[in-house]
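J.: just a sequence and a predicted model for now, questions to come.
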Amino acid sequence: MENTKSSSPLIFESHETALCVIPPRELWPSVDVLRNLYDKAYTVWPPHLNLAYPFVRPEVLEDAAQILKGLTTENSPQLVLDVADSFKHKHHNTIFLGSNPGSGAAELSKLRDRVSNAFGQLQNAGSERFIPHMTIGQSEDPEAAAHHFLVEKARLLTPVKWEAKELAILVRDDASASASASASASASASASASASASASASASASTSAQGVSGPRPMRLWGTLELNSGTFKRMSPPQSFDGRLDDMSTTVFQPCYHMPQPLGPWETALSTTHTPEPTELVLDRLVVASYNVLAEFEWPPRSNRHSALVQNLLSARASADIVVLQEVTDHFLPDLLASEEIRSRYPFVSAGPPDQTGIGPLPSLLNTVVLSKFPFEWHHLPFQRKHKGCTVVRFSNIGTQDTDNRQFRQWILMACHLSQGLTDGAIATKKKEVQKMLDYLSTTFPQHPCIVAGDFNLVTSSYTVEEARKRQDISQQTVHRLGDIERALSDAGFLDTWLATRLESGESSDIANDKRNVLDSFQGEQGATFDPLTNSLTAELVGSGLNNRPQRYDKILVKAHGQYHPQGFNMFGQTPLEIPDRAGLSYASDHWGIRCLLLKSTTAETSKSCVPAVPIKLQRPVPALANGEDLEQFLQSHGSLPTEQERDARVEAIKTLENVLRDVASVPEGESRFGPDFVVVPVGSYGLGVWTSSSDLDILCIGSFGSKTFFTMAIQRIKRSSASGVSILRRVKANSGYMLELEVRGIKVDLQYCAAASIVERWPEVMKHPANDPAFALPFQTLAKLKPVRDLFYLRRSLPDLVQYRMAHLFIKSWAQTRGIYSAKFGFLGGVHISVLLVPVCKALAYENEAVSPVDIVVTFFSHYSSFDWKDSMVFDPFFHKELRYNRTFREPLCLIGWHAPALNTAPIASVPTVTTIAAEFERANKLLSQEDCTWSSLLGVGSENNLESGVYPGATEFLHTFKTYIKIDTQYWGPSQEKSGRFIGWLESRCVMLLVDINRKLTNLFARIWPARFVEKSSEIENTGAERNGCYLIGLAWYSDSSKSGFNEMGLAMQTVLQEFEGRIRRDEKYYDAQFCWMSASIVRADDIGGLEVDQSLWGEFAGDADDDDSDDELEEEEELEEVEEVKGKKGKAFHGSRAAVVGKEPGLGKFRTAADVLNRIRWDANFDPSDYVVGYEDRFLGARERAVEQWKTEQTDEEFIPQHRILYFKRRNDNIIVWERRTRVDDIFGSGIKADK
């Protein structure tokens, strides 16, 4: 290289060479951990201290070496780098390690002076102050927190000590010898602070000259031993690339552990070759993950540290393995200083940075693993600096292959993926996930694996859609988000939150429990990052796209069938006292998560003897996928409640509760005395699927009897008439005694359940399994609790309540418009839609497919359009693991609910109604398959139709579909509106029996009833006041494959059926009073029907038993069936079979059990065989008779119904032993009453 200016060839002017001191190689790793991340010249220079840089030109290095040989010294400098500081340059800062006076710096300065003097350089350096330093990295703003954090990390490296025995001459790699520029700024901070800026400028030029290849690395040209003056030449110059290979090689390193309770942390010995007896196959493994939120401002505050430790030590966070994200150098010492933390987790991936010899964590945000078990680990870097995952291999816990008994250790990948919602950020996350999966598939393909941490994947549909609208992300990126989830699923990983939620339910999502589902968006279920609940999170995110709840944190498991998720919960959700913060606050912006993994056995597979019908995802046609949004359609057609309607119901519930609790009579500031109870909205409101026409169902649960509650309630309601609460009627319904109320214009059904064991542990008891002793309750009590138990289970087990709500509301609208929504007519009701829809939602979620409500709806109709209703049952296979339901021939529709008793939710269904339902499913699926399908065409409604109006085009279609109808005319002219309602309600409830008779006696005819009353269009008489008229229509048609021979005989048979139906209605004097009402059933042709329309009046709205003279007796009878007091003493052994089971009690405890209790336990308790029992009962005409338990009917609408007070005894067939008898009060089923041996 030609020098353009006249100078001595030994002048220090070349950036191609350097004279420096290099520490021993054993000191490199601790320094290079930081340099790798923060020093731009990490790949160019080894750790070093420059004595002369720039140095002489390369071509005179031989001459320079000869001069250096004379620089011998008897005592080698003892270097101690014990301070961290920085040089300030024009555009950046250099952070370095230096020495205090007396720490070897003086000896090194003298040595540099001797070098300069030997080369005749003193006259050029007189004004410069030599500062020996080892560069650690660069920063931009010296006032920024990042700069201070890096200086602090450098300080934690100190002291770095060694004896400088030799000097090293470095020369640049000559691969690009034509380049004339010098080294980079970061690698070549000048030997003097004043010269740093000029060196930086020349380095920038050098970097530009190098192009994309970057600055050329330095190589070791030769070394000078200071004591002897011996010079060793390296030919060719020696590369330092080996250290780069060492840093990039994935070598497992031991963790830290604490041998002594109060001693320092030490490096654990390698346990790779642990003796075989220590290999453990655990029965259970608990894993937790927690983002502890780093401090990003300088100086960092530690006021949250104690709260974070408290959360980690809480019972809800106790685990075998804990993965922490955003751990900093300032938090980790405080965490590991906790004696309880050290005792609980003796092994950790990083020791306290403030302990001598350990050093700082590499990044500002770090992932740290704590464990009860020893392990080895290494860092798997991602594409971005400071991003990667911690790969952990546990030494002595794992699984054993079933074939060759080979032991395979557990592998954990602790991750914290890149943040951001942009096209680039999502693409980066996808690469990071793929790198983890590729690593596991190649390195540990057969090992059990856990991936845990903060995935930073946005889950809220609102956030994603708004980002797409603002063009922050493309539609392709939206799909890419789903691809990431699918890649994890395809690799065999199971989301423990989802798996647990689908089965036993996940109940720690307190935020969504408190927040109405109507205020949520898809993907917010199970959120671990929730600005709407967590005040600390809200402070950090402010307003914008990120202010919605997100499920960022996950624990995934792939155990090859040897372990399965059994439990999941969150922690850190309790606000705590935090210094320097007003009031209570949360310790982190994330909730912690924890999962329980249980060792699987062959019996873990479903034990149900009822096969579940597989559900396959069906995507919508483009017209639906890209057309009108489902939510917009429901909104425009009145199926979604308005804000005013929502507020009205909230106010109605609050008003009713205040009245029931008699709040107005309690002076302000005083406590209320009296019996306590809980008020729970159930039904459609509780599940969030209510519409403007829905009633409110309220269940009160208390520890006192029904008579006490209703007496108290009626008194308080009458006393609080000004509050807008009034009693419409008292009703004895199938579910028990209840009040029909009007609260601020909203109809409310109020029921009560006496269950002390429930109310005392409310609401935690609702999270307990079905066989918990708390549910060892009488049949009638369980029947009343069934709606709330089902509700709580669905709310904690549905994968996405928002998606479910949209699908449920649309299916309900479809059923209403098509005339198949009315449970009392044997069609579908709200609970039936739930039973049908829940398995679809869960099955699609289990497959980890990204689905929308539209996908769910289309799959729903596709699945049930070909469903075998006759031979198959619909049930939730995630709940009913051991379903053993004995279906009878009288159950044409079997829709199995969740909790006992009365598992079949559709006992009133008949063959004709099931045929109608099946036909409507087929019609809907056919329409959904058409390319031009729309939501309006599927429901058969126009844009002007309000789905809540009760006027449906389907009714008009029904009037023109059949040629022949059965017309059931009704008329009432009496003075009592209540008796009018009783009459019409009774008539409607008996219509299903007419359908049953037609199906049984006229097998060739298909009968379809429209579940609503019709009136004449032209009638000017308003159906209010004293006289009411109307009719019900049943369309008749031949089955397509039936013979039409014997038409006359069919006509006679039909007349007989209708006459019998009329006779049954008119004979029941309780409901039919010939003085005031009339009905008839006849066959009419379609042409003779005339102009009819659906009756919109409220005739029959309040059907049921009246508040008559017998109402008090009925209340007392109901109270006798209740067990008010909690069972005392020792409980019987719980039966852990079907989830529908109930735990029995010790013999002789509690009141004498009712016949209903005994009947239902024999039917659905897996410990009993129903076919081995008979019922002894008293026939009104024939005296004592017996009937098989399997043939006993409990539905009042059933033709063979016998009141249960006529049951005399239950007998076991195989030994003719009476196991329950009313007269002698013997009960061997529950052990209540009087023992048989007495």
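T.: Perfect, I can see it now.

J.: what segments of the stretch 601-750 of the chain are helices?
T.: Residue ranges of the helices in the stretch 601-750 of the chain, as given by DSSP state H, counting those that start in this stretch, are 622-625, 630-636, 643-660, 683-687, 706-719.

J.: what do you get for the stretch 1101-1238 of the chain?
T.: 1111-1120, 1155-1164.

J.: what is the subsequent helix or strand relative to the lengthiest strand in the chain?
T.: Using DSSP state E, we find that the single longest strand of the chain is strand 388-400. As assigned by DSSP states H and E, the chain's next helix or strand after strand 388-400 is strand 407-416.

J.: and that next one, which residues are buried?
T.: Neighbour-count burial for strand 407-416, counted by 16 or more other CB atoms under 10 Å, picks out 408, 409, 410, 411, 412, 413, 414, 415, 416. No exception for glycine: its C-beta is placed from N, CA and C like everyone else's.

J.: burial check on residue 542, number of neighbours?
T.: Neighbour count for residue 542, taken as other CB atoms under 10 Å: 9.

J.: tell me how far it lies from residue 120.
T.: Distance, residue 542 to residue 120, using CB to CB, to the nearest Å: 63 Å.

J.: go on, residue 643?
T.: Computed as CB to CB, the residue 643 to residue 120 distance reads 88 Å.

J.: just name the most buried of the helices of the stretch 601-750 of the chain.
T.: Among the helices of the stretch 601-750 of the chain, judged by mean count of other CB atoms under 10 Å, the one packed with the most neighbours on average is helix 683-687 (a mean of 21).

J.: for that one, list the C-alpha coordinates in CSV.
T.: Extracted C-alpha coordinates of helix 683-687, given in CSV (Å, rounded to 0.1, in the frame of the first residue of the first chain):
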residue,chain,number,x,y,z
GLY,A,683,-80.3,-19.5,30.9
SER,A,684,-79.7,-17.4,27.8
TYR,A,685,-78.7,-14.4,29.8
GLY,A,686,-76.0,-16.2,31.8
LEU,A,687,-74.5,-17.6,28.6
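
J.: what packs against that helix?
T.: For helix 683-687, the elements it packs on are strand 696-702, helix 779-797, helix 801-817, helix 830-846, judged by 3 or more CB pairs under 8 Å, 6 or more residues apart in numbering; DSSP states H and E.

J.: who touches the shortest one?
T.: The contact list for strand 696-702 (CB atoms under 8 Å, 6 or more residues apart in numbering) reads 649, 652-653, 656, 660, 675-686, 709, 743, 746-755, 758-759, 762, 784-785, 787-788.

J.: the same query, at a cut-off of 7 Å, please.
T.: The contact list for strand 696-702 (CB atoms under 7 Å, 6 or more residues apart in numbering) reads 649, 652-653, 656, 660, 675-683, 685, 709, 746, 748-755, 758-759, 762, 787-788.

J.: list the neighbouring strands of it plus their orientation.
T.: Strand 696-702 has its sheet partners listed here by DSSP bridges as strand 677-682 (antiparallel), strand 746-754 (parallel).

J.: could you give the angle of the last one to helix 643-660?
T.: Our comparison of strand 746-754 with helix 643-660, counting by axes from the mean of the first three to the mean of the last three CA atoms, to 10 degrees, yields an angle of 40 degrees.

J.: for the shortest one, same thing?
T.: Using the same axes, to 10 degrees, the inter-axis angle of strand 677-682 relative to helix 643-660 is 150 degrees.

J.: quick check: angle from strand 677-682 to helix 779-797?
T.: Using the same axes, to 10 degrees: strand 677-682 against helix 779-797 is 60 degrees.
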